[in-house]
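> Predicted structure and sequence below. I'll ask about it afterward.
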Amino acid sequence: MLENDNVLEAITMILICLLTLIIRQLLNLGNHNLLREQQHVKWKKEQKLFQVVLTDSEFNTLLDETNYVD
């Protein structure tokens with residue numbers, strides 16, 4: 001009877017350890033996704049800040065001002 005108790009106790013401890021590891025991984029995965037989403041939003045905002053769209057006349061003026069040569 002004592003051996004059965006020891007086996008059950010060992011199995012219980014292994015299950016608790018596995019559940020703990022699974023829960024930690026799920027929590028880390030959630031945090032990781034949240035951080036990635038925040039970085040993506042920040043990157044999109046920065047991309048919009050530095051995005052410049054020139055009209056044809058503005059582009060030609062810029063070329064003239066910089067003495068562009070074909």
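Nice, thanks for sending it over. Numbering: from 1, shown residues only.
> Output the below-cut-off pLDDT ranges for the protein.
1-2, 30-31, 68-70 (pLDDT under 70).
> Would you map the helices across it?
Assignment of helices within the chain using DSSP state H yields the ranges 2-50, 56-65.
> Mean neighbour count for those helices - can I get that in a markdown table?
In this view, the C-beta of every residue, glycine as well, is placed from N, C-alpha and C. Below are these laid out as a markdown table (neighbours: other Cβ atoms under 10 Å):
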| stretch | mean neighbour count |
| --- | --- |
| helix 2-50 | 10 |
| helix 56-65 | 10 |
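> Distance of V41 relative to F50?
Per Cβ to Cβ, to the nearest Å, V41 is found 16 Å from F50.
> W43 too?
Using Cβ to Cβ, W43 is found at 11 Å from F50.
> Repeat that for D5.
Between D5 and F50 the computed distance is 67 Å (Cβ to Cβ).
> With T12 instead?
57 Å.
> do the same with T61
Distance check for T61 against F50: by Cβ to Cβ, it reads 20 Å.
> likewise E37?
21 Å.
> got it, and R24?
Counting by Cβ to Cβ, the gap from R24 to F50 is 39 Å.
> any idea how far the residue nearest to the spatial centre of the chain is from K44?
The geometric centre of the chain, computed from its C-alpha atoms, lies nearest to R36 (Cα atoms, centre = their mean), at 1.9 Å. Separation of R36 from K44 (Cβ to Cβ): 13 Å.
> again with H32
As it turns out, when the distance is counted by Cβ to Cβ, H32 lies 19 Å from K44.
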